[in-house]
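In: Sequence and predicted model, in that order:
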Amino acid sequence: MTDKCGVAAVAEAESVDDLLDSVTDDGLTGYNYAYLDEHTKREVRRATLSAIALPGHQVPFASREMPLARGWGTGGIQTSLSLLGPDDTFKVIDQGSDESVNAANIRRLAARTANVETTTDATEASVIQTRHRIPEEVLDDDQILVLQVPITDPLRRVDGSDDANRRRHAHSNYSKMWVALYENVVEYGEIKLSSRYPVLVGDRYLMDPSPIPRWDVPKLDDADNLFLFAAGREARIYAVPPHTEVEPLAFEDRQFQVERFPEHACGNCGSEDTFLTEVETDDGGRVYACNDASFCEKRRADPSLSKAHHRNGDGHTWGPPTDPSVPYESDGDSGENRGPAGPNRGGDE
Amino acid sequence: MILDIDAVSKTFEMHIIDGKTVPGLADVSFSVDGGEFVAVVGESGSGKSSLLKCVYRTYEPSTGSIRFRTTDGEVDLATCSDREVLAVRGSELGYASQFLDEIPRVPAVDVVARPMWEQGTDREAARERARELLAALDLPAGLFDAYPATFSGGERQRVNFARAIAPRPRLLLLDEPTSALDPETRASALDLLGDYLPASTTVLGVFHNYDVVRQVADRVLVLDDARLQRVVDVADYDPEVLA
Amino acid sequence: MLNVSNATKIYGQSCGECIDHTGPAVGDNQCPVCGSVVACADVDFGLHDGEVLGIVGESGSGKSSLAEILALDSDATAGDVRYDAYDGNLLETDYQARHELRNEHVGMVHQHVRDGLELDFSGGGNVAEKLLAAGWRHYGDVRERVEDLFRETEVPVSRMDDATETYSGGMQRRVQIAKAIANDPGLVVLDEPTTGLDVSVQARVLDMFRRLQREQDVATVVVSHDLGVVRLLADRTLVMRHGRVIESGLTDRIMEDPHHEYTQTLINSAI
């Protein structure tokens, strides 16, 4: 709200040249703080608060046109920009990388219009906008992760009708999704969903965690930080507040599993407890490398660095354990059914 | 006394033919003792089947009472609730109509076994008993697992007869159960009545054949034109004497 | 176990006098005052465990509306339906209670397969949905139960993982029955269970259902325009016309000694 080219300036201008002359700054000049007008920010914040109040529930909001195409993170940008203040430090990740063109542009937009510091270090950022990944380093209770979401409703896998799906959410009627999982097991012998793995939030709403790998799904459960999910094209915001139970749907005898890379360590830093992606080298060979580029860099400097190194050894970790031979179970209740509501009558037959 | 029929009348109101009323039974009264075999005889259209159907409540009597002494006490089959009728049919009252009426595509042996397993007999035991009964009625063993819809009239009648007696009802209603049988098979059927059913079984049966009546009945009940003409001991029954 | 009194369903904004202006005496079920259609009115009956009740009538007699009300698939305009598994009037339940009842206590076999089955799911998946909705979370147990239900309803187990749209009409009907009985409901509602099936297939479906019905002692309401179906399945029968029950009684009594003029016409018209 501190721009030099406000309504008063426009009214005083006697010609377009006058107006252009007044545009001297290369930063905020000509734009409201943090690019969005205050009404838009208020609209987004209201939806965000509603979303936090109803964990996992998709809250509609008046998604605005942004200076890039919908589907390129417009929901995430609107959410980030309505959260940011001058004291914030902002990080943007695109599929694990801070350096992609889109991540760099979003970061620059925030730096120029909201005057925030930017960083690539997940432990230093107060707001992190991300596409398709959750950082490897454990987030804190003063951090917010904003995830870009292409498809908001997990039920769209099983029914294209949003009307019918909204009714299902209202009544917590998720049997169709369970049938899809059942059929998945029939076909493959296990639940084979590589991303957008459906999770039940707070024992109430079924939620699409956005296209993060299964590796990242357990990080949502009982985390210290706030997760916000925003879809500009679909005009929906939803949230997982800190310390909310987030349970991936699975059968008692077909447990949820994260990706495994048994024979591989990161070709750059040697890590065996991070999400790896296969990359082609210059000579045509294939190596596995950390997908979280900034953490990989830290590991290269210090291979023994733990994912919770910045938390003074509070023992809090997230994500899968280091030893790939140990099947991963969400913390501490191995094998025990933590499925959603409803009596467990499976064993009675 | 197991069955006491008092002043039973049945008239049919045929709305389709301008509300014309047709008498089925008129003021019929008689009673039957436990273990007795009563043959019902009369001309065609005299009301024999109507009488049986009134007792079974396939026809709802217009007036009168039909008191049946069950093991649980007395019910008036003319007026008791549908549910009471169903309960009595399920446990104590059997009925063999003239025509077999079954779900198509059910093997003969299962048609006969069904009433038994519906009363709680084990499925295989019921089938075994069904086979014994069909064998006793000279039905070729090759037909046991065939569908009765493909059978001849006599074969179907044997299935129907076996089904009615299989659960050993206390009161058995038979509507010309042997009309389509040859003399030999008829004899087997009548033997089976005596051998298979306990002596305490009460039977009310419609028969055409005088020899049969003489062979099985204790008393004979003669109907004519919907009215009861007389009830006589079988020894005193002379078919030549009409009303 | 089920007690229905005064069940009434009116389509349209009722003028309040629709019931007086419709019915068999008037010969119509559309109210001449306000144009509302009285699908069914003043229907009373009771059903005990294991009983089979038939409801017959021609198209538009209100029998399917009644079936939908009983299966909690549609709301009644008025009436009182009491059911053992629920404390209170079934017609006044909230969605959640209704959903639970429909999942675990009432099974419905629809006349139109698309109302009852998801055709692009597998046959097994359709049956599994009922179990999963009731909270089954053990894949192996679900699988085993679905296989058992396929065997009981005489659908080849080898086909259970094929898409339901590849099944024959008779198989689809049997899968619906498997689904309807999956959670051992106290009540099953069959709406025209054989319509659209070949005659030979009809017989098998009826015979299979009758065997299951007796074995499991499940109370059943069979709605059909086909007297043969009702004769073979039902102990007692209601005859409906213009939205009202005009005659009721033992099924064989209705068939052989019909009292009401319309029933006599109906019986005499049967092929």
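Out: Received it, and whenever you're ready, just let me know what you need.
In: do the helix or strand where residue C:127 lies and chain A meet at all?
Out: Residue C:127 belongs to helix C:123-133 when elements are defined using DSSP states H and E. Yes - shown here: helix C:123-133 in contact with chain A (Cβ under 8 Å from any Cβ of the partner chain) through C:124, C:125, C:126, C:128, C:129, C:130, C:132, C:133. For the C-beta atoms, the positions are set from N, CA and C on the backbone; glycine is no exception.
In: So which of the residues you listed wins on neighbours?
Out: When neighbours are counted by other Cβ atoms under 10 Å in any protein chain shown, residue C:128 leads the residues of helix C:123-133 next to chain A with 29 neighbours.
In: Neighbours of the residue of chain B found nearest chain A, how many?
Out: In chain B, no residue comes nearer to chain A than residue B:123, which is 21.6 Å away by Cβ to the nearest Cβ. Residues lying near residue B:123 (other Cβ under 10 Å) number 14.
In: Name the SS class of the nearest residue to it once chain neighbours are set aside, please.
Out: Excluding its sequence neighbours, the residue lying closest to residue B:123 (Cβ to Cβ, 6 or more residues apart in numbering or on different chains) is residue B:117, at 5.3 Å. Following DSSP: H, G, I helix; E, B strand; the rest coil, we place residue B:117 in the helix state.
In: mind listing what residue B:117 touches?
Out: Counting by Cβ atoms under 8 Å, 6 or more residues apart in numbering or on different chains, residue B:117 touches B:123, B:126, C:214.
In: could you dump those to CSV with secondary structure?
Out: Listed next are these as CSV, based on three-state DSSP:
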residue, secondary structure
B:123, helix
B:126, helix
C:214, helix
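In: Show me where the stretch 151-300 of chain A has its strands.
Out: A:199-201, A:205-207, A:226-231, A:236-240, A:246-248, A:276-280, A:286-290 (DSSP state E, counting those that start in this stretch).
In: quick one on the thing from earlier: next SSE after the helix holding residue C:127?
Out: Moving toward the C-terminus from helix C:123-133, the next helix or strand (DSSP H and E) is helix C:139-152.
In: how does chain A divide up, domain by domain?
Out: A:38-247, A:261-316 (automatic domain parsing).
In: Between those, which one is closest to residue C:15.
Out: domain A:38-247 (31.7 Å; Cβ to Cβ).
In: Compute the first-to-last residue distance for that closest one.
Out: 36 Å (Cα to Cα, to the nearest Å).
In: for stretch A:110-119, same thing?
Out: Per Cα to Cα, stretch A:110-119 runs 12 Å from first to last residue.
In: so which helix or strand takes in residue 108?
Out: Using chain A. Residue A:108 is part of helix A:101-114 when elements are defined by DSSP H and E.
In: that answer is for a different chain, and I need it for chain C
Out: Secondary structure assignment for residue C:108, by DSSP H and E: strand C:106-109.
In: Mind giving me the packing neighbours of that strand?
Out: Counting contacts by 3 or more Cβ pairs under 8 Å, 6 or more residues apart in numbering or on different chains; DSSP states H and E, strand C:106-109 packs against helix C:169-181, strand C:187-191.
In: could you point out which element follows it?
Out: helix C:113-116.
In: Okay, now the unreliable bits of chain B?
Out: For chain B, the stretches flagged by pLDDT under 70 are B:103, B:240-243.
In: all strands of chain B, in order?
Out: Ranges of strands within chain B are B:3-14, B:20-32, B:37-42, B:63-70, B:73-76, B:93-96, B:171-175, B:202-206, B:219-224, B:227-233, based on DSSP state E.
In: At the geometric centre of the chain, which residue do we find?
Out: Reading this off chain A. In chain A, the centroid-proximal residue (Cα atoms, centre = their mean) is residue A:147; its distance is 2.8 Å.
In: looking at chain C here, not the other one
Out: The centroid of chain C falls nearest to residue C:189 when counting by Cα atoms, centre = their mean (2.7 Å).
In: mind listing what that residue touches?
Out: Counted by Cβ under 8 Å, 6+ apart, residue C:189 has contacts C:67, C:70, C:71, C:106, C:107, C:108, C:109, C:220, C:221, C:223.
In: Which residue comes closest to it once chain neighbours are left out?
Out: Spatial nearest neighbour of residue C:189, excluding adjacent residues (Cβ to Cβ, 6+ apart): residue C:71 at 4.3 Å.
In: In contact with the residue in the stretch 1-150 of chain A positioned nearest to chain C, which residues?
Out: Chain C sits closest to residue A:57 of the stretch 1-150 of chain A, with a gap of 16.9 Å, by Cβ to the nearest Cβ. By Cβ under 8 Å, 6+ apart, the contact set of residue A:57 is A:50, A:51, A:169, A:204, A:205, A:238.
In: Neighbour-wise, which one of those residues leads?
Out: Of all the contacts of residue A:57, the highest neighbour tally under other Cβ under 10 Å goes to residue A:238, namely 30 neighbours.
In: Look up how far chain C lies from that one.
Out: 22 Å (Cβ to the nearest Cβ, to the nearest Å).
In: Could the C-alpha coordinates of stretch B:86-99 be exported in PDB?
Out: The C-alpha trace of stretch B:86-99 is given here as PDB (Å, rounded to 0.1, in the frame of the first residue of the first chain):
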ATOM      1  CA  LEU B  86     -48.700 -69.800   6.500                       C
ATOM      2  CA  ALA B  87     -47.400 -71.100   9.800                       C
ATOM      3  CA  VAL B  88     -49.900 -74.000   9.800                       C
ATOM      4  CA  ARG B  89     -49.000 -74.800   6.100                       C
ATOM      5  CA  GLY B  90     -45.400 -74.700   7.000                       C
ATOM      6  CA  SER B  91     -45.600 -77.300   9.800                       C
ATOM      7  CA  GLU B  92     -48.800 -79.300   9.800                       C
ATOM      8  CA  LEU B  93     -51.000 -78.900   6.700                       C
ATOM      9  CA  GLY B  94     -50.100 -80.500   3.400                       C
ATOM     10  CA  TYR B  95     -51.800 -80.200   0.100                       C
ATOM     11  CA  ALA B  96     -51.300 -82.000  -3.200                       C
ATOM     12  CA  SER B  97     -53.100 -80.100  -6.000                       C
ATOM     13  CA  GLN B  98     -54.100 -81.800  -9.200                       C
ATOM     14  CA  PHE B  99     -51.400 -79.900 -11.100                       C
END
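In: Mind listing what's buried along it?
Out: Buried residues in stretch B:86-99, defined by neighbour count with 16 or more other Cβ atoms under 10 Å in any protein chain shown: B:86, B:87, B:88, B:89, B:92, B:93, B:94, B:95, B:96, B:97, B:98.
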